[in-house]
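**Q** no sequence for this one, just the structure:
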């Protein structure tokens, strides 16, 4: 019995990944985006219906 576990090696973020993350969080309207996300998350109590996509409101930011 082989008990070894194989997992992909952890790769550090590439330069383009860092750039994308910095651009995402370095927006002038970030406070508005955060407030919109918080409002939407507060509306999800209790959990949304299974048929609803609970993260649909994030699509406009991605």
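**A** Nice, thanks for sending it over. Here the structure is a predicted model, which means the values were calculated and not measured.

**Q** Now do the SS call for residue 41.
**A** State at residue 41, reduced to three classes by DSSP: H, G, I helix; E, B strand; the rest coil: helix.

**Q** Relative to residue 59, how far out is it?
**A** 15 Å (C-beta to C-beta, to the nearest Å). Glycine gets a C-beta too; all of them are placed from N, C-alpha and C.

**Q** between those two, who's got more neighbours?
**A** residue 41 (12 against 8; other C-beta atoms under 10 Å).

**Q** Tell me the confidence at the more buried one?
**A** At residue 41, the model reports a pLDDT of 83.

**Q** oh, and call the first residue 688 from now on, that's how I've got it
**A** New numbering, starting at 688: the last item is residue 728.

**Q** how about it, what does it touch?
**A** Listed by C-beta atoms under 8 Å, 6 or more residues apart in numbering, residue 728 has no contact partners.

**Q** With residue 718 instead?
**A** Neighbours of residue 718 in contact, by C-beta under 8 Å, 6+ apart: none.

**Q** Helix, strand, or coil at it?
**A** helix.

**Q** now it: how far from residue 700?
**A** Counting by C-beta to C-beta, the gap from residue 718 to residue 700 is 25 Å.

**Q** same check, this time on residue 728
**A** 26 Å.

**Q** where does the protein have low pLDDT?
**A** Residue ranges of the chain with pLDDT under 70: 688-698, 732, 734-736.
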